[in-house]
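>>> With the input below, show me the fold.
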Amino acid sequence: MSRLAGFEQRFNDAVIQASDAVVLNHNRHVFHFGFEFWRDRINTFYTGNSGALGNITFNGAFTSSDPTNATTPVGGYGGADFYLGLPSQYGRGISSGGWGQRATSFAGYIQDDWRAADNLLSM
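Presented below is the predicted three-dimensional model:
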């Protein structure tokens, strides 16, 4: 696979994460505190399924014994279709552009485990 300058696909994505949790005991309470932070940086350039330079397919559909059946040609020759200039399929991708997406997620929690009496055990 050859790579031409400016025609490659780029998936320069990054996720920055930070999280922490604290547990505090006080009398009959057990407090849980925590948070989580995510920062998504998505910088993607995708040329498409046909690639930046495109593709052309010659499968012998026009030189087969049944030219009406282009999906499964019978006895055709793709090289002959090439010389006739009759591709069975073609596509073109994009050569420039891209998109960037940013997202920030922050979540936190507080939990209190409380016992009604000192002699009750939590499980």
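
>>> residues of stretch 89-96 that come out buried?
Gly93 (16 or more other C-beta atoms under 10 Å). Every residue, glycine included, has its C-beta placed from N, CA and C.

>>> With only the CA atoms kept, save that stretch in CSV.
Extracted C-alpha coordinates of stretch 89-96, given in CSV (Å, rounded to 0.1, in the frame of the first residue of the first chain):
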residue,chain,number,x,y,z
GLN,A,89,-18.1,-0.4,-10.2
TYR,A,90,-16.2,2.8,-9.4
GLY,A,91,-15.9,5.1,-6.4
ARG,A,92,-14.0,8.1,-5.3
GLY,A,93,-13.0,9.2,-1.8
ILE,A,94,-12.1,12.6,-0.6
SER,A,95,-8.5,14.0,-0.5
SER,A,96,-8.8,16.7,2.1
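
>>> centre of the chain versus it, how much separation?
20 Å (C-alpha atoms, centre = their mean, to the nearest Å).

>>> same check, this time on stretch 75-92
33 Å.

>>> What's the end-to-end length of it?
One end of stretch 75-92 sits 28 Å from the other (C-alpha to C-alpha, to the nearest Å).

>>> List the buried residues of that stretch.
Gly76, Gly78, Asp81, Pro87, Ser88.
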